[in-house]
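J.: next come a sequence and a model predicted from it.
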Amino acid sequence: MARVVLEAVTKRFSGSNGAAVVAVNRASLTLDDKELLALVGPSGCGKTTTLRLIAGLESPDEGAISLDGKVINGISPKDRDVAMVFQSHALYPHMTALENMAFGLRLRRVPRPECLRRVRETAELLGIADLLGRRPAALSGGESQRVALGRALVRRPQVLLLDEPLSHLDSPLRRELRRELLRLHRELGLTILLVTHDQAEALALGQRVAVMHRGAIEQIAAPAELRARPATPFVAGFLDERPI
């Protein structure tokens, strides 16, 4: 099981003038086991900070984050069994695709034969088996994003966190990788929290969609319900801005 619960989580940062800036404001949400939940909202609303809190890259000032009923606030990122794919590919330029994908396993001292087996299986799944010997400079944007996704998947995490992984790709490639993401979710039974600022993407991919505004979760519902019954004026206006 991989169920993530945020209960009234708040995160503050110090602003340029020394005043506290509330990035996440008493946010509560539940990511169910094997669910693909899309978290959508305008830039600066707290989406990425929410992911970083779940991953353990930031610590909440208030509230609790739990994984399968266990509070993980004080647990280090490496012990959370959560993998995050960043908006930038963040691949090591001096390493091949294979070495990039294997890096996390090597840190965890996974035996080399097992490490190579996992990398090759994941590369086959993502359609990049013939690219394993290339370095990032020799990869296209879509290929680099697949390698970054593969690096997360080889760990076999309980929860996969995606921070706008398609935002830098052109429209045809974004549509292709959306289909790939849905296929991976279905075939692997992944639990995924996807952050995006694109309303159409959130509504197309999310089994449920959480709409965030000024650090707070305004509504969480299935796409059809969000369209039919927006809970707040912001949700109604934000979804009406989606591209046609």
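T.: It's in. Numbers count the residues shown, from 1 in each chain.
J.: tell me the phi and psi of residue 5?
T.: Backbone geometry at residue 5, expressed as degrees, to the nearest 10, gives phi -130, psi 130.
J.: what about it, neighbour count?
T.: Other residues near residue 5 come to 17 when the count uses other CB atoms under 10 Å. Every C-beta, even on glycine, is put in place using the N, C-alpha and C of the backbone.
J.: swap in residue 63?
T.: Quick note: residue 63 (other CB under 10 Å) scores 17 neighbours.
J.: what segments of this structure are helices?
T.: Taking DSSP state H to define them, one finds helices in the chain at 47-55, 97-107, 112-126, 141-153, 171-188, 199-205, 223-228, 233-240.
J.: pLDDT of the shortest one, averaged?
T.: Computed over helix 223-228, the mean pLDDT rounds to 94.
J.: do the same with the last one
T.: If you average the pLDDT over helix 233-240, you get 91.
J.: same check on the fifth one?
T.: Averaged over helix 171-188, pLDDT sits at 83.
J.: out of the helices of the chain, which gets nearest to residue 85?
T.: Ranking the helices of the chain by proximity to residue 85 (CB to CB) places helix 141-153 first, at 5.1 Å.
J.: residues contacting that closest one, please?
T.: The contact list for helix 141-153 (CB atoms under 8 Å, 6 or more residues apart in numbering) reads 83-86, 89-91, 97, 100-101, 103-104, 119, 122-123, 125-128, 131, 136, 139, 160, 165-166, 168-169, 173, 176-177, 180, 184, 188.
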